[in-house]
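[1] Generate coordinates for the sequence data below:
(one chain, ligands or ions: 2)
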Amino acid sequence: ATALSVKDLSFSYGGKKALDHVGFEIQAGECAVLLGPNGAGKSTLFALITRLYDARSGRIELCGFDIKKQTSKALGRLGVVFQQSTLDMDLTVMQNLDYHAALHGMGGKFAKQRIQQELERLNMYERRKEKIRQLNGGHRRRVEIARALLHKPSLLLLDEPTVGLDVPSRQDIVEYVHHLAKDENIAVLWATHLIDEIFPEDKLIILHKGQIEAAGSVAEILQQTG
Ligand code: ADP
Ligand code: ADP
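    Ligands and ions are numbered 1, 2, ... in the order given. You can find the predicted model right below:
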């Protein structure tokens, strides 16, 4: 099944082109790494997929739902980990997740169970009563990933999720997300400029100055680029 379909997407800030006829698809279970230097257009693409901005041309579909015409259905299939943390620092882990569950229409025992499940998988359940402020960067990232997964999205977007983390935390998160794609059949779109976060089985999407320079498996791209 196609989790994300982006077709002929263009976007400009005033007169400045940030995305130029971008198109690609991500299937369920696939981990796609969006690779590109600063200014390539990664954040702009994420802003369009999350509907922070509106594309004037092109089309984005999540699980077949058009994000402009079927917005709530489409966005309901999406989980996001932004580059800047959006957790409430003065609330506990549990309070942050409760709030997100409520936003997605989950409550009561069901919400508690889902929260416990996701936190346990990330080894964060014992810390559920701690305030976000008390946690280190790696643990905060785990809470954000648990939160993004709470409503069982079909596509998980992560915008440079390892920036500022120490090496062990980075490795944990890279591995966790890759296993998630495989084991839970979730589609992942991971933006990074760090090539050591790519696994051999990943799909690569290389963005440069707003255009897709290459897309395909790691082996295919190595052949294309020599
Ligand atoms: P990233 O870390 O993803 O590369 P940037 O550093 O490019 O993000 O951008 C950080 C913020 O500054 C974003 O809100 C972005 O929209 C804004 N921004 C980036 N480039 C420009 C620009 N040339 N003019 C105005 N705002 C910009
Ligand atoms: P990336 O996330 O890959 O670093 P961005 O999407 O932030 O790339 O930026 C793509 C292009 O758009 C860059 O040339 C950047 O300077 C420009 N840009 C980003 N945000 C803004 C903004 N708010 N206003 C003007 N230009 C922007």
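[2] which intervals of the protein have sub-threshold pLDDT?
    Applying pLDDT under 70 to the chain picks out residues 225-226.
[3] tell me which parts of it are close to ligand 2?
    Residues of the chain found near ligand 2 (CB under 6 Å from any ligand atom) are 13, 16, 18, 36, 38, 39, 40, 41, 42, 43, 44. C-beta coordinates here come from the backbone N, C-alpha and C atoms, glycine included.
[4] hmm, who's touching stretch 17-28?
    Outside stretch 17-28, the residues within contact range by CB atoms under 8 Å, 6 or more residues apart in numbering are 1-12, 32, 41, 44-45, 48, 55, 58, 154-155, 185-189, 203, 205, 207, 209-212, 215.
[5] Check the residues you listed for burial and list the buried ones.
    2-6, 9-11, 32, 41, 44-45, 48, 55, 58, 154-155, 186-189, 203, 205, 207, 210, 212, 215 (16 or more other CB atoms under 10 Å).
[6] Narrow those residues to those in helices?
    If you go by DSSP state H, the buried ones among the contacts of stretch 17-28 have 44, 45, 48 in helices.
[7] what's the nearest residue to the first one if we skip its chain neighbours?
    Computed as CB to CB, 6 or more residues apart in numbering, the closest residue to residue 44 that is not its neighbour in sequence is residue 18, at 4.3 Å.
[8] Please apply the same query to residue 172.
    residue 138 is the one closest to residue 172 (CB to CB, 6+ apart), at 6.9 Å.
[9] Please look at the one you found and residue 174 and confirm they touch.
    No. Under the criterion of CB atoms under 8 Å, residue 138 makes no contact with residue 174, lying 11.7 Å away.
[10] neighbour-wise, which of the two wins?
    Set residue 138 next to residue 174 and count neighbours by other CB atoms under 10 Å: residue 174 wins out with 20 against 16.
[11] count of residues packed around the residue nearest to the more buried one when sequence neighbours are not counted?
    Leaving out its chain neighbours, the residue that sits closest to residue 174 by CB to CB, 6+ apart is residue 197, at 5.2 Å. Residues contacting residue 197 under the criterion other CB under 10 Å number 20.
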